[in-house]
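Trainee: sequence and predicted structure below; questions after.
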Amino acid sequence: MPDVHIYGGGMAGLSAAFLLEQHKKPYHLYETLSHWGGKLQTTVQDGFALDHGFQVIQSAYPALGMYHERGYLKDALAFGSGAWLLSHQGKTLLADPLREFPRGHAALGHPSISFKDVLQVVKLRNALIKQSPSAFFDQSSTTTYHYLQQCGFSQSFIEAFFKPFFTGIFLEEALNTPSAMFQFVFWALAKGKAMLMPGGIQTLPNRIVADLNPNHIHLNHPENPTIRVPAPKQYFSTQALYFAVDSDLGLGKFIGLNATNTGYINLMAIPSAVQKGYAPKGKHLLCISLRPGIGATDIEPSSTAVLGEAETLLGTRIAGEWLNTMTVKKALPADTPYRYGDGQMHLEGGDTNKDVDFHASGCIANPSLNAAILHGTSFVSAIICR
């Protein structure tokens, strides 16, 4: 069989190489950078694991099935099912009433949350969880913001919870992301958990690489000037600041959302409260993710200013030491076609003896880890059926 040449060592390229390895098909995987995993990067500094941007793995993503079976995710641990709503008036836990009973009912005392909003969350959860994830993308779509209004959520609840929570996922505050994407992510959160890998997000691609033939994978490979592959033209960026702290600041295993829609901060979390390996013994790691555009269109705030705002939102003094700021300019593509996956991929030409190139760094169906993996698996399916 002719060789397959895979260009791009992100999750699409790694997934293609992983499956070709399982099928014992010849391939070579090329990455221009000095690390694997694409956007799934972690920098280890002074014993702390600093992910490049606040990132989690949605355990229910269907494309992760082959990695679950391989045991790559067996020691992933989950954030709590819900979030703290942080404001100058204090913090309130909005938790899944089914998974976090009885804590899930505490949010009814929050001024931005009505009993109707809580019922609507349960109703939406029950409606979406019964559907196939691909079905969301087959329906007519509006913006996420308009979809939430159509679902009957109050404006105050959208502003206090949905906006900061899904801004952290979509990396845009207006919630103009198609509602199909919202439905898919909400489905995944209802079906599974938001997980952290031990040692950081890059642990997943590193585990895949460890099972690949080292003679077939190549880092620091120069770009091929003859390759012309369609790539996203627009991206959303993200910026996260990391601090060493002595406690979990009362956040525990839940993320904290800035429910005021003002200031620098979008959300904050203590990854080491979920996975101890994110911080050295006796310390915790505070991750503060900024609102989109902060530092890009505005003057970049100082770590002191960001930590001061976190103190105001949490209502407590934070003895924190700034570690690093991770800025990812091209964190998510902003112009994908918003399909579930690639569908049946067709390879050019009918010569089965000719080598095949796969440009894994090209456009994917939607901005998610699930779509990136499906991009790789769709290519391998086309190879196997060729």
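Mentor: Sure, I can see it. Source: prediction; values computed, not measured.
Trainee: show me the domain layout of the chain.
Mentor: Taking automatic domain parsing as the criterion, the chain consists of the domains 4-40+202-232+336-384, 108-191.
Trainee: take the ones you listed and write them to JSON lines, including distance to C287, mean neighbour count and mean pLDDT.
Mentor: Backbone N, C-alpha and C define where each C-beta goes, glycine included. Converted to JSON lines, those look like this (distance: least, C-beta to C-beta, whole Å; neighbours: other C-beta atoms under 10 Å; pLDDT from 0 to 100):
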{"stretch": "domain 4-40+202-232+336-384", "distance to C287": "15", "mean neighbour count": "18", "mean pLDDT": "89"}
{"stretch": "domain 108-191", "distance to C287": "11", "mean neighbour count": "18", "mean pLDDT": "93"}
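Trainee: wait, which of the ones you listed is closest to L77?
Mentor: L77 lies closest, by C-beta to C-beta, to one member of the domains of the chain: domain 4-40+202-232+336-384, at 11.9 Å.
Trainee: start and end of that closest one, how far apart?
Mentor: This stretch, domain 4-40+202-232+336-384, spans 11 Å end to end (C-alpha to C-alpha, to the nearest Å).
Trainee: what of stretch 157-170?
Mentor: End-to-end distance (C-alpha to C-alpha), stretch 157-170: 18 Å.
Trainee: work out the gap between that stretch and the centre of the chain.
Mentor: Computed by C-alpha atoms, centre = their mean, to the nearest Å, the chain-centroid distance of stretch 157-170 equals 14 Å.
Trainee: what are the contacting residues of it?
Mentor: 54, 83, 85, 87, 94, 110, 112-114, 117, 144-145, 148-149, 153, 173, 175, 177, 181-182, 185, 236, 255, 257-259, 261, 266-267, 289, 291-292, 332, 367 (C-beta atoms under 8 Å, 6 or more residues apart in numbering).
Trainee: which ones among these are found in strands?
Mentor: Applying DSSP state E to these, the entries found in strands are A83, L85, S87, L94, F236, I255, L257, N258, N266, L267, S289, L332.
Trainee: determine which two of those are furthest apart.
Mentor: So, the ones in strands among the contacts of stretch 157-170 by C-beta to C-beta: farthest apart are S87 and L332, at 27.3 Å.
Trainee: looking at stretch 47-54 now, give me its mean pLDDT.
Mentor: Mean per-residue pLDDT for stretch 47-54: 98.
Trainee: straight-line length of that stretch, end to end?
Mentor: 18 Å.
Trainee: over to stretch 338-347?
Mentor: End to end - C-alpha to C-alpha - stretch 338-347 spans 22 Å.
Trainee: how much distance is there from that stretch to the middle of the chain?
Mentor: Counting by C-alpha atoms, centre = their mean, stretch 338-347 comes out at 21 Å from the chain centroid.
Trainee: so what's T92 bridging to?
Mentor: L85 (DSSP bridges).
Trainee: any idea how many residues pack against it?
Mentor: Using other C-beta atoms under 10 Å, T92 has 21 other residues around it.
Trainee: so A360 is in contact with A12, correct?
Mentor: Yes. If you go by C-beta atoms under 8 Å, A360 and A12 touch, sitting 4.0 Å apart.
Trainee: where do the contact lists of these two overlap?
Mentor: With C-beta under 8 Å, 6+ apart, A360 and A12 have common neighbours H375, G376.
Trainee: would you state the helices of the stretch 101-250 of the chain in chain order?
Mentor: 115-129, 144-150, 155-157, 163-170, 179-191, 203-210 (DSSP state H, counting those that start in this stretch).
Trainee: count the neighbours of the residue nearest to E300 when sequence neighbours are not counted for me.
Mentor: Nearest non-adjacent residue to E300, counting by C-beta to C-beta, 6 or more residues apart in numbering: I294, 7.5 Å away. As a burial measure, I294 scores 20 neighbours (other C-beta under 10 Å).
Trainee: over to G53?
Mentor: G53: 22 neighbours (other C-beta under 10 Å).
Trainee: can you pull the contacts of it?
Mentor: Contacts of G53 (C-beta under 8 Å, 6+ apart): K39, T238, Q239, A240, S289, M326, V328, A331.
Trainee: thinking again about what came up before, distance to P280 added to the helices of the stretch 101-250 of the chain, as TSV?
Mentor: As requested, these are exported to TSV (distance: least, C-beta to C-beta, whole Å):
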stretch	distance to P280
helix 115-129	38
helix 144-150	39
helix 155-157	39
helix 163-170	26
helix 179-191	30
helix 203-210	17
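Trainee: which one of these lies nearest to L50?
Mentor: So among the helices of the stretch 101-250 of the chain, helix 203-210 is nearest, using C-beta to C-beta, at 13.2 Å.
Trainee: quick revisit: so the residue nearest to E300 makes contact with Q239?
Mentor: Yes. The pair formed by I294 and Q239 meets the contact definition of C-beta under 8 Å, at 6.7 Å.
Trainee: count of neighbours near the nearest residue to L313 once chain neighbours are set aside?
Mentor: Counting by C-beta to C-beta, 6+ apart, L86 is the residue found nearest to L313 once chain neighbours are left out, at 4.1 Å. For L86, the count of nearby residues is 26 (other C-beta under 10 Å).
Trainee: same deal with C287?
Mentor: 23.
Trainee: which residues does it bridge with?
Mentor: The partner residues for C287, given DSSP bridges, come to Y242, A269.
Trainee: who's in contact with it?
Mentor: Applying C-beta under 8 Å, 6+ apart, the residues near C287 are D51, F54, A240, L241, Y242, M268, A269, I270, P271.
Trainee: just L249 next, same as before
Mentor: I270, H284, L286, L314, T316, I318.
Trainee: go again with 7 Å.
Mentor: I270, L286, L314, T316, I318 (C-beta atoms under 7 Å, 6 or more residues apart in numbering).
Trainee: who wins for neighbours among those?
Mentor: L286 leads the contacts of L249 on contacts (other C-beta under 10 Å) with 28 neighbours.
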